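S.K.: Structural data only, the sequence is not supplied:
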């Protein structure tokens, strides 16, 4: 059975690139392009891992992460924040929101794949 990954990011080109790479590695990938849709998708799709941007329309990634980590059905799902927010305080906020890892854009796709493999 394929592992399921949800990518929540408003940069459609980036989502397509990540999806293409992960599907090529045998993962089932779904995506959402704003925080509100991403949260709804996390609750219905119940992925094995979530890749989450911080700066998005409707709900920011910090709020989405807090909601995911407080839900009975979703709290166990590892969340990798993938963001352009580079300040140490941004990373602290991400991790305190419940993120399991915090990666900065631009990123090395091989490093992202390794991080995903760590959690799955």
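M.R.: Everything's here; your move. The structure displayed is predicted, hence computed values, not measured ones.
S.K.: Surely residue 98 touches residue 67?
M.R.: No - the pair residue 98 and residue 67 fails to qualify as a contact (C-beta atoms under 8 Å) at a distance of 9.2 Å. Any C-beta I mention is one placed from the backbone N, CA and C, and that applies to glycine too.
S.K.: what's the overlap in contacts for those two?
M.R.: The contact sets of residue 98 and residue 67 do not overlap (C-beta atoms under 8 Å, 6 or more residues apart in numbering).
S.K.: in this protein, what secondary structure element scores lowest on mean pLDDT?
M.R.: Each helix and strand of the chain was given a mean pLDDT (mean pLDDT, DSSP states H and E); the minimum falls on helix 88-96 at a mean of 88.
S.K.: Assign the spatially most central residue of the chain to helix, strand or coil.
M.R.: Against the mean C-alpha coordinate of the chain, by C-alpha atoms, centre = their mean, the closest residue is residue 51 at 1.6 Å. For residue 51, the secondary structure call by DSSP: H, G, I helix; E, B strand; the rest coil comes out as strand.
S.K.: residues contacting it?
M.R.: When contacts are counted by C-beta under 8 Å, 6+ apart, residue 51 is found next to 5, 6, 7, 8, 9, 18, 80, 82, 112, 116.
S.K.: which residues does the fourth one contact?
M.R.: When contacts are counted by C-beta under 8 Å, 6+ apart, residue 8 touches 31-33, 35, 37-38, 41-42, 50-53, 56, 61, 64.
S.K.: How much space separates the closest residue to it other than its chain neighbours from residue 26?
M.R.: Computed as C-beta to C-beta, 6 or more residues apart in numbering, the closest residue to residue 8 that is not its neighbour in sequence is residue 38, at 3.2 Å. Noted for residue 38: a distance of 23 Å to residue 26, by C-beta to C-beta, to the nearest Å.
S.K.: More neighbours: the two, which one.
M.R.: When residue 38 and residue 26 are compared for neighbours, residue 38 comes out ahead with 28 against 8, by other C-beta atoms under 10 Å.
S.K.: Secondary structure class of that one, three-state.
M.R.: helix.
S.K.: ok, it - contacts?
M.R.: With the criterion set at C-beta under 8 Å, 6+ apart, residue 38 makes contact with 6, 8, 32, 50, 52, 56, 59, 64.
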